[in-house]
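K.L.:
Okay, here's the prediction I keep looking at, along with the sequence it came from:
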Amino acid sequence: MTGGLLAAAAVATAAAVPDLPPESTQQAVGYPSLFLLVALGALVPVVPTGAIVSSAAVVAFHQTSPFALLFVFLVAAFAALLGDVALYWLGQRGVRSRNGSRWLEVLRGRAAPDRLAQARTKLETHQVSVLVLSRLVPAGRIPVMLACLLAQVPLRRFVRGDLPACLAWAATYQLIGILGGSLFPEPWQGVVAAVVLTVLVSGAPALWRRVRGPRRGAADRSGGEHA
C-alpha cells in the first residue's frame with residue numbers, strides 16, 4: 001500500500017513540476033481521469049485512490065474556478081460509489097454460485113481473518129456506521145464489504161450505507177489536499193505535501209499494528225512465565 005502511494009507521489013510530482021496547462025484543458029482531462037482512477041481503485045484495492053483525490057484537490061485549490069473543488073468532490077464520491085457497487089455485485093455472484101468466483105476469492109484473500117471477524121460482529125448492530133467507518137479506516141473497506149456479502153446484505157441496503165461512506169471518504173481526502181495546497185504557493189509542492197499526508201494517514205495504523213504485535217506477544221510470554 002505504501003509503495004503504491006509513493007509511486008503516486010512520484011508521478012504526481014513529475015506531472016506538476018512543469019507549468020500547468022489552461023484550466024479548460026485540466027478539466028477536460030482531469031475529471032475523467034479522476035473518475036476512472038478512483039473507480040478502478042475501488043475495484044482493484046492496490047490503486048492509491050486517497051492520494052489521487054488529494055492531488056486532484058490540490059490542483060483544484062489553485063484554480064480560479066469556484067466550482068473546481070466541488071467537482072472533484074462529486075466526481076470522486078460518485079466514482080468510489082460506482083466502484084464499490086460493481087465490486088459488491090461481482091462478490092454477490094460468487095456468494096450465490098456453488099463454485100464461488102474470482103472476485104470473491106480476491107476479497108477473501110485481502111481480508112485478514114481477525115478483521116473480518118470484527119467486521120461481522122459490528123455489522124450485526126451498526127450497519128450504516130460500520131460502512132462509513134470502513135472507508136475512513138485504512139484497509140477497513142474490504143473486510144466490511146466481505147462481511148456484508150457473507151451476511152447476504154441486499155445490494156440496495158449496501159448502497160444506502162455505502163453512499164454516506166463514499167461522501168465522507170471523498171470529503172476527508174479532499175480536505176487533506178486543501179491543507180497541502182494551502183501550505184505552499186506552487187501546486188506541485190502542494191501535491192507532494194498532500195501525498196505525504198496521505199501516506200501518513202494510510203500507513204500509520206498498519207505501522208502501529210506491526211509495532212504493537214511483537215510487544216503484545218512479548219507481554220503474553222512474560223505473563224505466562226510468571227504465572
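P.N.:
Sure, I can see it.
K.L.:
Sort out which residues of stretch 37-56 are buried, please.
P.N.:
37-39, 41-42, 45, 47-56 (16 or more other Cβ atoms under 10 Å). C-beta coordinates here come from the backbone N, C-alpha and C atoms, glycine included.
K.L.:
who touches the residue nearest to Arg102 when sequence neighbours are not counted in this structure?
P.N.:
Distances taken as Cβ to Cβ, 6 or more residues apart in numbering place Gly94 nearest to Arg102, at 7.8 Å, with adjacent residues excluded. Residues near Gly94 by Cβ atoms under 8 Å, 6 or more residues apart in numbering: 100-105, 149.
K.L.:
surely Phe61 meets Ile178?
P.N.:
Yes: between Phe61 and Ile178 there is a contact at 5.5 Å, judged by Cβ atoms under 8 Å.
K.L.:
ok, back up a step: name the element the residue nearest to Arg102 belongs to?
P.N.:
In this assignment (DSSP states H and E), Gly94 forms part of helix 68-96.
K.L.:
element containing Gly177?
P.N.:
Here Gly177 is assigned to helix 155-183, by DSSP H and E.
K.L.:
Likewise for Leu146?
P.N.:
Assessed by DSSP H and E, Leu146 sits inside helix 141-150.
K.L.:
what mean pLDDT does that helix have?
P.N.:
What helix 141-150 shows for mean pLDDT is 88.
K.L.:
Which neighbouring elements make contact with that helix?
P.N.:
When contacts are defined as 3 or more Cβ pairs under 8 Å, 6 or more residues apart in numbering; DSSP states H and E, helix 141-150 sits against helix 68-96, helix 102-110, helix 113-123, helix 127-136.
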